[in-house]
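> here is a sequence with its predicted model. Questions after.
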Amino acid sequence: MRRRLVYFIATIITMGLGLASRHYGDRLPDWVSEHTGDALWAGMIYFGVRMVWHRHSAIWAVMISLLFCWMIEFSQLIQTPWLNELRSTLLGALILGHGFLVVDLIRYSAGILCVYMLDRYFPSNINHNHM
């Protein structure tokens, strides 16, 4: 149960940082505001996967997170009225995005890799079995 709580808190913190990077993007260096939102979104997905399926390996969570994020990005190639209407809402835009960009695939991969490294190496007590 403690592992789930840790991953829940990590998910919420990552979500907050991602939203802050969008809201305060004009106050950040251009490269930070341009890339961190997508990377943090993917990191949030990773922590969410770890929270729900905490008994699976971290590598499994990386693969599921990458698959999910990449599927969302490729879904942006589908332009149907009902899906575009959903994307025009705030929640739809945050989850589904708007337009396909190859660079987003790189951002997602980098974000997931970064949080995987945090999960794997810092703090190491999250992954011990006594929790």
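That came in fine, so what should we check first?
> and the residue sitting nearest the centre point of the chain, what does it touch?
Central residue of the chain (Cα atoms, centre = their mean): A42, 1.9 Å from the mean position. A42 is in contact with S65, L66, C69, R107, Y108, S109, G111, I112, counting by Cβ atoms under 8 Å, 6 or more residues apart in numbering. In short, each C-beta sits where N, CA and C put it, glycine included.
> okay, now the last one: neighbour count?
Right, the one you point to is I112. 26 (other Cβ atoms under 10 Å).
> quick check: the gap between it and L67.
Distance of I112 to L67, given as Cβ to Cβ, to the nearest Å: 10 Å.
> for the least confident helix or strand in the chain by mean pLDDT, buried residues please.
Least confident helix or strand of the chain, by mean pLDDT, DSSP states H and E, is helix 90-96 with a mean of 86. Neighbour counts over helix 90-96 (16 or more other Cβ atoms under 10 Å) mark L96 as buried.
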